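**Q** Let's see this in three dimensions:
(one chain, ligands or ions: 1)
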Amino acid sequence: MSEKSWYFALKDSDLKEGGIGFARVKGKPVLLVRKNGEIYTLFGKCKHMGCRLSKGTFSGEFILKCPCHGWEYDIRSGEYQGDEDEVLDMYDNKVEDGDILVLL
Ligand code: FES
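**A** Okay, the predicted model is just below:
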């Protein structure tokens, strides 16, 4: 297994409270969400048919709904609400010098 490293995803100032962002990091689609001051970073494509989750909408405080067919995910755990075995990968993140970095 290869070593993980921190990679730039977005400028911290480009992710507002309640905002949803998208970045391609090391070729991987990454969804970024800021809620209640916390930043959540998850795999950015839906487990159903791969729609981009950053185009989704919130159907609950932490529940993001896919724009294509409505699958709902808890952004705190990555869990699809219809089947707990369908889970989006979550990535660690940190803010450094105004940049949001993710560990991949
Ligand atoms: S692609 Fe997300 S619900 Fe179908």
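**Q** for the chain, what's the longest strand?
**A** Under DSSP state E, the strand in the chain containing the largest number of residues is strand 28-35.
**Q** got the residues of this protein near the ligand?
**A** Within the chain, the residues that sit near the ligand (CB under 6 Å from any ligand atom) are 46, 48-49, 51, 66, 68-71. Any C-beta I mention is one placed from the backbone N, CA and C, and that applies to glycine too.
**Q** list the contacts for the residue nearest to residue 89 when sequence neighbours are not counted?
**A** Closest residue in space to residue 89, ignoring its immediate chain neighbours: residue 43 at 4.3 Å, by CB to CB, 6 or more residues apart in numbering. Residues near residue 43 by CB atoms under 8 Å, 6 or more residues apart in numbering: 28-31, 78, 88-91.
**Q** Same check on residue 29?
**A** 22, 43-45, 52.
**Q** if we can go back for a sec, distance of the residue nearest to residue 89 from residue 96?
**A** According to CB to CB, to the nearest Å, residue 43 and residue 96 sit 22 Å apart.
**Q** try residue 69
**A** Using CB to CB, residue 69 is found at 37 Å from residue 96.
**Q** In contact with residue 64, which residues?
**A** 20, 31, 33, 53, 56-58, 72-73, 75.
**Q** Buried subset of those, written for PyMOL?
**A** Selection command for PyMOL covering only the buried members of the contacts of residue 64, criterion 16 or more other CB atoms under 10 Å:
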select buried, resi 20+31+33+53+56+72+73+75
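**Q** Which ones among the contacts of residue 64 map onto strands?
**A** Among the contacts of residue 64, the members falling in strands (DSSP E) are 20, 31, 33, 57-58, 72-73.
**Q** What's opposite the residue nearest to residue 21 when sequence neighbours are not counted in the beta bridge?
**A** Excluding its sequence neighbours, the residue lying closest to residue 21 (CB to CB, 6+ apart) is residue 32, at 4.0 Å. Taking DSSP bridges as the rule, residue 32 bridges to residue 21, residue 41.
**Q** Just to be sure, residue 3 is in a helix?
**A** No - assessed with DSSP: H, G, I helix; E, B strand; the rest coil, residue 3 is coil; it does not lie in a helix.
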